[in-house]
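Asks: pasting the sequence and the predicted coordinates here, then a few questions.
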Amino acid sequence: MDIAKILKISAAGMKAQSARMRVVAENLANADAVPDTPGADPYRRKVVSFKSELDRETGLETVTVSRIGTDRSPFGRRYEPGHPAADADGYVKLPNVKGLIEVMDLRAAQRSYEANLNVIQVSRSMLQNTLEILRS
Amino acid sequence: MDIGQIPLFSMLAKRMAWLGRRQELLSQNIANVDTPDFRAKDLTDTRFKALLAAASKPTRMTVTDPDHLAATPAFHLASVAGKIDMQRLDPDRRPVPQGDGEADPVGNDVVLEDQLMKVGETAAEYELMTTLYRKHLNMIRIALGRGGG
């Protein structure tokens, strides 16, 4: 039954988007994770990438998280000579997490999640319409 | 009596299957809205209206006297002769790339608004099909003398 498959595809989409939201939450939670020794690296921002995957059992093209990579952009710096992790010039390395970017990513993930949810709702109402034939 | 033998019913069932398949493809597109290198897919439309007109041709009134009013069939139905080729009703269920809209920098050309519009469209048409099915079933019930509403 096609409509039952739809639920599976949309559920996979929602799962992928929630993984993305989880990574955004991780990034935001670690936005201030500075190192505690000089020369050590602070938290590096994580990035999710998706890929479409063929489900061999049903022949469906679902979506899945292919890998969680790291953002290679440079770290920020802050002048704070008293900090335990400050280097010889008095600078502390900051994580390369930017709040605005993370929040935008979170919104985008939320919209995609809602779109998948919508498909489930519409498909369920289609199924309901079919069942109504029996009742008439 | 096999309801599947009535052309209209089998057509409605096939159209519903087609719509279900389309909904499946659209949900794939939406699930992959953020997947790099994913191309949106859709089904080619069946010529449903023309087929519906062909399948639901009315019967002519018999004229027993030359003075009777001659009931003329509608012109577009006059050309339909004999049985309907049921093979032609089989919709194409292979997905084709949509090819509309430009791909974004990661090579994904799914437009979410477009896809959601199509989902709504498909659901509305599905409802139309189920309603038609129900109404025709009711007509049969009335013919059987069981009332119906």
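Replies: Good, I have the coordinates. Remember, it's a predicted structure, so these values are computed and weren't measured experimentally.

Asks: name the residues of chain A found near chain B, please.
Replies: A:1-3, A:5-6, A:9-10, A:12-13, A:16-17, A:20, A:49-52, A:60-63, A:108, A:111-112, A:115-116, A:118-119, A:122-123, A:125-126, A:129-130, A:132-133, A:136 (CB under 8 Å from any CB of the partner chain). Heads up, the C-betas are built off the backbone N, CA and C, glycines and all.

Asks: mind checking which of these are in strands?
Replies: Residues of these located in strands (DSSP state E): A:49-52, A:60-63.

Asks: any of these buried? List them.
Replies: Neighbour-count burial (16 or more other CB atoms under 10 Å in any protein chain shown) applied to those gives A:50, A:52, A:60-63.

Asks: for chain A, what's the longest helix?
Replies: Ordering each helix of chain A by length in residues (DSSP state H) puts helix A:99-135 first.

Asks: buried ones in it, by neighbour count?
Replies: Here helix A:99-135 shows A:102, A:105-106, A:108-109, A:112-113, A:115-116, A:118-120, A:122-123, A:126-127, A:129-130 as buried, counting by 16+ other CB under 10 Å.

Asks: any idea how far that helix is from the chain center?
Replies: Centroid separation for helix A:99-135 versus its chain: 17 Å, with CA atoms, centre = their mean, to the nearest Å.

Asks: ok, and the closest non-adjacent residue to B:Glu125?
Replies: Distances taken as CB to CB, 6 or more residues apart in numbering or on different chains put B:Leu19 closest to B:Glu125, at 5.9 Å, once the chain neighbours are dropped.

Asks: and what of A:Asp2?
Replies: Using CB to CB, 6+ apart and skipping residues adjacent in sequence, the residue nearest A:Asp2 is B:Gly20, 3.6 Å away.

Asks: buried ones in the helix or strand containing the one you found, by neighbour count?
Replies: Take DSSP states H and E as the rule and B:Gly20 turns out to sit in helix B:7-31. Neighbour-count burial for helix B:7-31 flags B:7, B:9-12, B:14-31 (criterion: 16+ other CB under 10 Å).

Asks: list the helices and strands that helix packs on?
Replies: helix A:2-29, strand A:60-70, helix A:99-135, strand B:41-42, helix B:48-55, helix B:86-89, helix B:112-144 (3 or more CB pairs under 8 Å, 6 or more residues apart in numbering or on different chains; DSSP states H and E).

Asks: any idea how far A:Asn116 is from the residue in chain B that chain A sits nearest to?
Replies: When scored by CB to the nearest CB, chain B has B:Ala31 as its residue closest to chain A, at 3.0 Å. For B:Ala31, the distance to A:Asn116 equals 6 Å [CB to CB, to the nearest Å].

Asks: measure A:Phe75 to B:Ala13 for me?
Replies: 62 Å.

Asks: ranking the helices and strands packed on helix B:7-31 by mean pLDDT, which is last?
Replies: Mean pLDDT per stretch puts helix B:86-89 lowest among those, at a mean of 51.

Asks: so what touches the following helix or strand past that one?
Replies: Heading C-terminal from helix B:86-89, the first helix or strand you meet, by DSSP H and E, is strand B:96-97. With contact meaning CB atoms under 8 Å, 6 or more residues apart in numbering or on different chains, strand B:96-97 is reached by B:39-44.

Asks: now A:Glu80: phi and psi?
Replies: Backbone dihedrals for A:Glu80, given as degrees, to the nearest 10, come out at phi -150, psi 80.

Asks: can you check the pLDDT for it?
Replies: A:Glu80 is given a pLDDT of 90.

Asks: quick check: it touching A:Ala86?
Replies: Yes: in this structure A:Glu80 lies within contact range of A:Ala86 using CB atoms under 8 Å: 5.9 Å.
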